[in-house]
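Colleague: 3D, please:
(one chain, ligands or ions: 1)
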Amino acid sequence: MLTKIIYVVIDTVAIVDIIIIINALHGVGAAYAKWLKRTLVAAIVAIIANILIASSFNAFGAEIAYCVYFASIDWILYFLAGFCLLYTGHDKVLKRVSLPVAVMMAADSFLIFFNPLFKWHFTIYENTATPGVVFYQTAFDQLYYLHLTIDYTVLVVALLFIILKIIKSYDMYRVKYLIILSVLLLVIAMNLAYITLSLVLDASVIFYAVAGTLIYFCTEIFVPRRLMNISVGRAVDDMCEGLILFDISNNCIYANAFARSRFGVNIETFDLSYEPAASVLAALNEEGSQFGEKPYERVLGSVTEHYSVRYTSLLDKRGRSIGSYFLIQDRTEEVFYLHEIEDARINADKANQSKSTFLANMSHEIRTPLNSVLGMNEMILRSTDDPLLKEYAGSIKTSGEMLLGLINDILDFSKIEAGRMELIETDYDLHHLLNDCYQFFEQPASAKDLYLHINCDRSIPRRFTGDMVHIRQVLTNVISNAVKYTKEGGVTLKISTRQIGTDRTELVAEISDTGDGISEADIPYLFDAFKRINEKENASIQGTGLGLAITHELVTMMHGSIYVDSTPGAGSTFTIMIPQKIADPTPAGELVISKTYDEPSYKESFRAPDARILIVDDVPLNLKVACALLRKTLVQIDTATSGDEAISVCAYRKYDVILLDHRMPKKDGIETFREISEKGLNYRTPVVMLTANALNGVDEEYRRLGFAGYLSKPIDIHALEALLIDLLPKEKVELTAIL
Ligand code: ADP
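Modeller: Coordinates of the predicted model:
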């Protein structure tokens with residue numbers, strides 16, 4: 001009796017176990033999980049049948065339970081074979097055989113249920129070997145062996161597929177197939193033992209639960225976990241970073257290949273006193289931290305290796321420390337490239353510096369002779385009334401100024417490139433600015449028989465705040481192009497504004513011409529530096545291809561925009577939009593243009609016969625030009641052609657102003673100025689730097705050195721006179737004209 005009870009209890013536990021596994025299989029999406037589930041459901045039926053057999057009290061009840069049991073075995077094996085086929089990747093085979101085999105199994109299990117009538121499969125007899133307990137057992141007949149053959153054929157086929165898979169698969173995967181195979185073989189062995197030894201109960205049924213559990217573990221948990229562990233282990237070992245693990249007692253428990261090969265870490269002997277751990281811990285300790293990241297450097301022969309080492313605590317799920325690890329990253333290459341980049345940057349800076357110096361030199365070298373040319377030319381213009389001579393000298397002036405414009409463009413461009421172009425905001429009157437533009441281009445336009453119209457919206461504010469100098473430069477660049485590239489018709493400048501706030505507005509300038517226009521393909525390159533379009537056709541037109549590049553940069557710096565709309569053959573319209581502050585919102589009204597612009601005949605703006613100045617320049621011609629330009633002011637002028645000469649004249653004569661050239665052989669202007677100041681000569685005499693160095697920033701530089709002012713060559717007589725009026729003692733200056 002006890003045997004029966006134990007058997008029933010074990011069977012019940014097995015059912016519970018199977019139900020748990022079926023439940024766990026719910027989460028598995030793979031198709032084989034469905035077949036495994038079906039197998040287990042059939043197993044539950046078989047186990048229940050077994051419980052009924054064990055607890056039957058009459059032969060008929062036992063016979064029916066046996067029928068259910070044998071039929072369920074059909075389905076267990078059918079589903080198990082299906083699982084094996086799917087799990088070993090033989091989906092196609094399963095698709096083909098599943099229906100005929102199911103029909104065969106259905107026929108077989110159907111036939112079994114006729115046993116109570118015909119006894120084709122088995123007969124029931126009572127086993128009373130154990131006193132007081134009756135076991136109903138079966139004596140098998142022919143059809144049972146047919147049923148057995150069908151079942152075993154299905155099983156053997158499934159086993160063959162598994163064996164095939166074992167042969168073909170890699171070590172790691174072979175394990176799971178081996179486990180499945182051994183489980184199946186065990187089921188077969190138990191079943192065969194039951195049949196051949198005529199055991200009272202079939203223990204293999206209980207084993208279905210164990211089999212299901214094992215298969216579940218090996219497919220879903222054991223193998224994937226083992227696979228993951230192996231893969232992670234390998235990946236960590238192959239890492240390009242070093243990993244050294246310590247347990248809670250700071251014993252080294254793992255070091256990957258990188259750590260072993262780079263730092264010779266030996267797990268047996270390595271501890272926190274070895275590098276790089278020791279240095280990193282010391283550095284962390286210094287800043288009062290226990291964990292963190294620190295750089296680590298190591299010199300090996302001529303090579304310096306750079307590492308970044310992170311020391312981190314290893315925590316369990318509940319946040320308790322269970323160890324620590326070092327993660328070592330090789331940054332040698334990165335540091336090398338950073339150095340390279342830094343070197344490249346320094347070289348680029350040097351190259352840029354050389355370029356600036358070259359530009360300064362070039363500007364100096366061109367401006368110096370140009371100073372003489374324009375100065376002497378000015379003398380001719382002043383001293384002759386001969387119209388032909390005036391015309392010739394006028395042409396020299398125009399060309400000279402054009403050359404100066406070119407140098408200025410190149411300097412401007414280099415300033416913009418070096419990020420040294422500054423915006424200086426002032427209040428200005430737009431009507432004045434437009435008048436200036438008109439004056440500039442009226443002559444060149446009428447010389448080509450072109451009209452030049454300026455239409456200005458009457459309602460635009462009277463005064464704005466912005467960088468007037470650069471706005472003028474932008475407008476003149478574009479108008480100059482419009483005049484240059486138009487053969488007939490003319491140029492119209494239209495000015496309007498667009499309110500963008502209470503005290504801000506957008507100045508909109510549209511410059512339209514009736515020139516040849518620009519093809520659509522060329523427009524994207526229009527604002528590129530040194531890019532000229534239609535070079536062949538425009539060969540006779542002077543230009544460098546810098547004007548629009550500078551214009552674009554200046555407009556962008558002023559947070560504005562510029563775009564062009566052009567119809568080849570019909571003309572172009574450049575639209576420039578620049579935000580400006582409104583200084584005076586009163587409407588400016590009608591724009592009055594002074595149409596006729598005659599070069600005003602020169603008239604000195606002051607006379608100072610009692611003033612004495614010293615001009616120092618190593619080029620005698622420049623001295624001659626300066627003296628000639630200032631002749632009418634009656635200022636007394638001494639000259640010196642070197643720094644030393646200037647110092648010696650300063651020793652015995654007091655000047656009201658000293659004009660000092662910068663670049664001179666031997667002592668340059670700055671050294672001369674320094675010596676004059678140090679020797680206390682000409683105490684408090686303002687010294688003005690007179691130079692062809694027109695690079696940006698020199699003004700402040702000279703002022704910082706103590707110069708009272710700065711004048712660029714070629715000398716602009718108006719600027720020179722204005723500076724002298726400002727610096728000469730007031731009592732010695734007699735103004736003759738309003739500047
Ligand atoms: P450039 O010194 O050659 O005038 P820019 O940068 O000012 O240089 O202009 C670049 C090119 O754009 C010019 O070479 C010219 O071909 C073209 N371009 C500029 N403005 C006009 C215009 N109004 N009409 C036709 N072509 C123009």
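
Colleague: Need the CA coordinates for the longest strand seen in the chain. CSV is fine.
Modeller: In the chain, with assignment by DSSP state E, the single longest strand is strand 571-587. Only the C-alpha atoms of strand 571-587 are listed here, as CSV (Å, rounded to 0.1, in the frame of the first residue of the first chain):
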residue,chain,number,x,y,z
GLY,A,571,21.5,92.7,-65.2
SER,A,572,21.9,91.9,-61.5
THR,A,573,20.4,93.0,-58.2
PHE,A,574,22.5,92.6,-55.0
THR,A,575,20.3,92.9,-51.9
ILE,A,576,22.1,93.6,-48.6
MET,A,577,20.3,93.6,-45.3
ILE,A,578,22.0,94.8,-42.2
PRO,A,579,20.3,95.2,-38.8
GLN,A,580,21.0,98.7,-37.3
LYS,A,581,20.0,100.5,-34.1
ILE,A,582,18.0,103.6,-34.6
ALA,A,583,19.7,106.7,-33.1
ASP,A,584,17.1,109.2,-34.2
PRO,A,585,13.7,107.9,-35.5
THR,A,586,12.7,111.2,-37.1
PRO,A,587,12.1,110.5,-40.9
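
Colleague: Next, the buried residues of that strand.
Modeller: Neighbour-count burial for strand 571-587, counted by 16 or more other Cβ atoms under 10 Å, picks out 571-580, 582-583. Using the backbone N, CA and C atoms, a C-beta is placed for each residue, glycine as well.

Colleague: need the residues of the stretch 501-650 of the chain near the ligand, please.
Modeller: 513, 515-516, 518, 526, 532-534, 538, 543-549, 572 (Cβ under 6 Å from any ligand atom).

Colleague: Now that we have these, which of them are buried?
Modeller: Buried among these (16+ other Cβ under 10 Å): 513, 515-516, 518, 526, 532-533, 543-549, 572.

Colleague: hang on, the earlier thing: neighbouring strands of the longest strand of the chain in the sheet, and parallel or not?
Modeller: Using DSSP bridges, the strands paired with strand 571-587 are strand 461-466 (antiparallel), strand 504-513 (antiparallel), strand 561-567 (antiparallel).

Colleague: Tell me the helices and strands packed up against the next helix-or-strand element following the first one.
Modeller: With elements assigned by DSSP states H and E, the helix or strand that comes after strand 461-466 is helix 468-484. When contacts are defined as 3 or more Cβ pairs under 8 Å, 6 or more residues apart in numbering; DSSP states H and E, helix 468-484 sits against helix 430-447, strand 490-499, strand 504-513, helix 547-557, strand 571-587.

Colleague: average pLDDT for the longest helix along the chain?
Modeller: As assigned by DSSP state H, the longest helix anywhere in the chain is helix 332-383. Mean pLDDT, helix 332-383: 84.

Colleague: For it, name the packing helices and strands.
Modeller: Using 3+ Cβ pairs under 8 Å, 6+ apart, helix 332-383 is in contact with strand 303-315, helix 387-417, helix 620-630.

Colleague: what helices or strands is the strand or helix carrying L99 leaning on?
Modeller: Under the criterion of DSSP H and E, L99 resides in helix 91-112. Contacts defined by 3+ Cβ pairs under 8 Å, 6+ apart place helix 91-112 against helix 59-87, helix 142-168.

Colleague: Let me see the mean pLDDT of that helix.
Modeller: Helix 91-112 comes out at a mean pLDDT of 93.

Colleague: Counting by contacts, list what the helix or strand following that helix packs against.
Modeller: Using DSSP H and E, the helix or strand that follows helix 91-112 towards the C-terminus is helix 115-118. In terms of contacts (3+ Cβ pairs under 8 Å, 6+ apart), helix 115-118 is packed against helix 59-87.

Colleague: give me every residue that touches the closest residue to A65 other than its chain neighbours.
Modeller: Nearest residue to A65 in three dimensions, chain neighbours excluded: L52, at 3.8 Å (Cβ to Cβ, 6 or more residues apart in numbering). By Cβ atoms under 8 Å, 6 or more residues apart in numbering, L52 lies in contact with 61-62, 65, 68.

Colleague: What of I454?
Modeller: 434, 437-438, 492-495, 591, 593.

Colleague: picking that back up, centre of the chain to the helix holding L99, how far?
Modeller: 63 Å (Cα atoms, centre = their mean, to the nearest Å).

Colleague: Tell me which residues are up against that helix.
Modeller: 31, 67, 70-72, 74-75, 78, 81-82, 85-86, 120-121, 143, 146-147, 150, 154, 161.

Colleague: Restricting to C-alpha, output that helix in PDB.
Modeller: This file holds the C-alpha atoms of helix 91-112, laid out as PDB (Å, rounded to 0.1, in the frame of the first residue of the first chain):
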ATOM      1  CA  ASP A  91      11.700  22.700 -39.700                       C
ATOM      2  CA  LYS A  92      11.200  21.600 -43.300                       C
ATOM      3  CA  VAL A  93      11.300  17.900 -42.300                       C
ATOM      4  CA  LEU A  94       8.800  18.500 -39.600                       C
ATOM      5  CA  LYS A  95       6.500  20.300 -42.000                       C
ATOM      6  CA  ARG A  96       6.500  17.400 -44.400                       C
ATOM      7  CA  VAL A  97       6.100  14.600 -41.800                       C
ATOM      8  CA  SER A  98       4.000  16.100 -39.100                       C
ATOM      9  CA  LEU A  99       0.600  15.400 -40.700                       C
ATOM     10  CA  PRO A 100       1.100  11.700 -41.800                       C
ATOM     11  CA  VAL A 101       2.800  10.900 -38.500                       C
ATOM     12  CA  ALA A 102      -0.100  12.500 -36.600                       C
ATOM     13  CA  VAL A 103      -2.600  10.500 -38.600                       C
ATOM     14  CA  MET A 104      -0.700   7.300 -37.800                       C
ATOM     15  CA  MET A 105      -0.500   8.200 -34.100                       C
ATOM     16  CA  ALA A 106      -4.200   9.000 -34.100                       C
ATOM     17  CA  ALA A 107      -5.000   5.600 -35.700                       C
ATOM     18  CA  ASP A 108      -2.800   3.800 -33.200                       C
ATOM     19  CA  SER A 109      -4.200   5.500 -30.100                       C
ATOM     20  CA  PHE A 110      -7.700   5.000 -31.500                       C
ATOM     21  CA  LEU A 111      -7.100   1.300 -31.900                       C
ATOM     22  CA  ILE A 112      -5.900   1.000 -28.300                       C
END
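
Colleague: how big is the angle separating it from helix 142-168?
Modeller: Angle, helix 91-112 to helix 142-168, by axes from the mean of the first three to the mean of the last three Cα atoms, to 10 degrees: 160 degrees.

Colleague: Fine by me, we can end here.
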